[in-house]
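> Got a sequence here, can you model it:
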Amino acid sequence: MAIVNGHSGTRLFIPGQIVSLLGDGLAVLAIPLLVLELTHNPVAAALAATPRTVGYLVAGLPAGPVVDRADPWQVLIIADLVRAAIFVVLFVLTAVRVGSVGVILALAFGAGVAGVFFETALAVAVRDIYRDRALVRTNAILETASQTSILLGPPIVGLLSAAVGLGTALLVEAATFVVSLATLWGTYRRLPKSIDRRDPVSWRLFGAEFRTGLRYLAASSAIGALAVLQVITNLCLAVQTLIVFFAHDYLGMSAGLVGVVVAAGGIGGILGAATAPVFMTRFRPVPLCVAAILLIGIALGTVGFAPNLWWFALGNAVLIWADVLASIVVRTLRQQLVPRELLGRVTSAMRTVVLAAAPVGAVLAGLLTHLDGNNPRPVFLAAAVLIGLCSPIVWTFGLRRHRDIPLLRRDEKMVTV
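The predicted model follows:
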């Protein structure tokens, strides 16, 4: 298949997705704030903060077959239309003061489901138009934008809410998806005919197509082993849910100092995405991924032993830096190794399984901390040990044979649009 590599037809693609990711960051606080305004109920607000997780539980597995059988570019456009419409509706409901919490949550979860289809299709779209160093650079740019939006999105929503009202923040969020929609349509219209557009979805074959994706994931030793390593890592990373409790309740830090710790993690995420291309062009991807995950274990141990704010903040920054680096390596490897016709299914299956490990790990982390007299240190140290033990095992039996897989291939023919 021909490759478009950042020429005239794709110049707006990355800027449009950066704006879209800003919308995702705004949603982190906008929806919970809206629910709190209506109910002042912390349980409802907590539910409002989980649309992405719920979205993957509802649509994570179906999204893959749909993206593979449909045109992924059309899926992106439809998902942006749905998300923009939902946030316009939320703006209207806020303006007229109408709408129950159930309706608000249903709309938020609908936006989360649309986001799942969007993220799955985006992996295929990026694979369609970028290769080699351009693919690495694009994944890094998008992840940098994602991490930046997570760091800056909530403060922006807070400022907008205080200055002009929460409704305006929701309208701005809708506008980000409209901008993304416009740039996607402009890119889609200029794609060369050699870009593979899929046949319409065949719902009769949906189950068979889904099983095909799972069989590939089970049969591919490289992608399968990476999935296992990600599940283990995400299970251990769930102890991050205890960071605020650890800093505030156990170490007695003020709210401001807790904010410093959380911000350090955000900065680490941005640096992880920004520095990923440097590491990915100098080191083989599989050993780099395993090394990054081992560094996550070391960072968890550092947090577990942290005697003061600065060690705590440093450990959290390194933790998120390594996590983002490993995620970008895995994403790029998946785009390079998985056949294009299966990429949607494999992407959604991996993400769903990996995300499912997080709530399990969070429950275990909270329960073990409670059983140990609300002392979170042993839980962080146990997570560090688990990563330290499992990573060499997965490397030895699943990934070592793939250690020489190159990330950058030089046999791709570049074309312009």
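> Surely Gly373 is in a helix?
No - assigned with DSSP: H, G, I helix; E, B strand; the rest coil, Gly373 falls outside any helix and is coil.
> Can you report how many residues lie near it?
When neighbours are counted by other Cβ atoms under 10 Å, Gly373 registers 6. Just so you know, the C-beta spots here come from the backbone N, C-alpha and C atoms, and that holds for glycine as well.
> what's near enough to touch Gly167?
For Gly167, the contact set (Cβ atoms under 8 Å, 6 or more residues apart in numbering) comprises 91, 94-95.
> again with Ala313
With Cβ under 8 Å, 6+ apart as the criterion, the residues that contact Ala313 are 260-261, 264.
> One more pass at 10 Å, please.
The contact partners of Ala313, by Cβ atoms under 10 Å, 6 or more residues apart in numbering, come to 247, 257, 260-265, 267-268, 303, 306.
> Which positions in the helix or strand harbouring Val172 come out as buried?
For Val172, the enclosing helix or strand under DSSP states H and E is helix 166-189. For helix 166-189, a neighbour-count test (16 or more other Cβ atoms under 10 Å) marks 166-174, 176-181, 183-185, 187-188 as buried.
> hmm, back to that, of the contacts of Ala313, buried ones?
Under a neighbour-count criterion of 16+ other Cβ under 10 Å, the subset of those counted as buried comprises 247, 257, 260-262, 264-265, 267-268, 303, 306.
> Looking at those residues, spot the one nearest Val360.
Of all the buried ones among the contacts of Ala313, the one sitting nearest Val360 is Val303; the distance, using Cβ to Cβ, is 20.3 Å.
> So that closest one sits against Trp310, correct?
No - with contact defined as Cβ atoms under 10 Å, Val303 does not reach Trp310; the gap is 11.9 Å.
> got any residues that touch both of these two?
Overlap of the contact sets of Val303 and Trp310 (by Cβ under 10 Å, 6+ apart) consists of Val261.
> Mind checking the pLDDT average for stretch 62-74?
Confidence over stretch 62-74 (mean pLDDT, whole number) is 86.
> And it, how far out from the chain middle?
The chain centroid and the centroid of stretch 62-74 are separated by 18 Å under Cα atoms, centre = their mean, to the nearest Å.
> and that stretch, which residues are buried?
Neighbour counts over stretch 62-74 (16+ other Cβ under 10 Å) mark 62-73 as buried.
> again with stretch 121-140
If you call a residue buried by 16+ other Cβ under 10 Å, then stretch 121-140 has these buried ones: 121-132, 134-140.
> Output it as PDB, restricted to C-alpha atoms.
Taking Å, rounded to 0.1, in the frame of the first residue of the first chain, the C-alpha atoms of stretch 121-140 are listed here in PDB:
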ATOM      1  CA  ALA A 121      -9.700   4.000  13.900                       C
ATOM      2  CA  LEU A 122      -6.900   6.600  14.600                       C
ATOM      3  CA  ALA A 123      -4.300   3.800  15.000                       C
ATOM      4  CA  VAL A 124      -5.200   2.500  11.500                       C
ATOM      5  CA  ALA A 125      -5.400   6.000  10.000                       C
ATOM      6  CA  VAL A 126      -1.900   6.900  11.300                       C
ATOM      7  CA  ARG A 127      -0.600   3.600   9.900                       C
ATOM      8  CA  ASP A 128      -2.200   4.600   6.500                       C
ATOM      9  CA  ILE A 129      -0.300   7.800   6.100                       C
ATOM     10  CA  TYR A 130       3.000   7.500   8.000                       C
ATOM     11  CA  ARG A 131       5.900   5.100   8.100                       C
ATOM     12  CA  ASP A 132       9.300   4.700   9.800                       C
ATOM     13  CA  ARG A 133      10.600   7.900  11.400                       C
ATOM     14  CA  ALA A 134       7.400   9.800  10.400                       C
ATOM     15  CA  LEU A 135       5.400   7.100  12.200                       C
ATOM     16  CA  VAL A 136       7.500   7.400  15.400                       C
ATOM     17  CA  ARG A 137       7.400  11.200  15.300                       C
ATOM     18  CA  THR A 138       3.600  11.200  14.800                       C
ATOM     19  CA  ASN A 139       2.900   8.800  17.600                       C
ATOM     20  CA  ALA A 140       5.200  10.900  19.900                       C
END
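> Same list (the buried residues of stretch 62-74) but as CSV, adding distance to Ser146.
Shown next, in CSV, are the buried residues of stretch 62-74 (distance: Cβ to Cβ, whole Å):
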residue, distance to Ser146
Pro62, 23
Ala63, 18
Gly64, 21
Pro65, 25
Val66, 23
Val67, 19
Asp68, 24
Arg69, 27
Ala70, 24
Asp71, 24
Pro72, 19
Trp73, 20
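> nearest to Leu355, of those?
If you rank these by distance to Leu355 using Cβ to Cβ, Ala63 comes first, at 12.4 Å.
> isn't that closest one right next to Arg351, touching?
Yes - the pair Ala63 and Arg351 qualifies as a contact (Cβ under 10 Å) at a distance of 8.9 Å.
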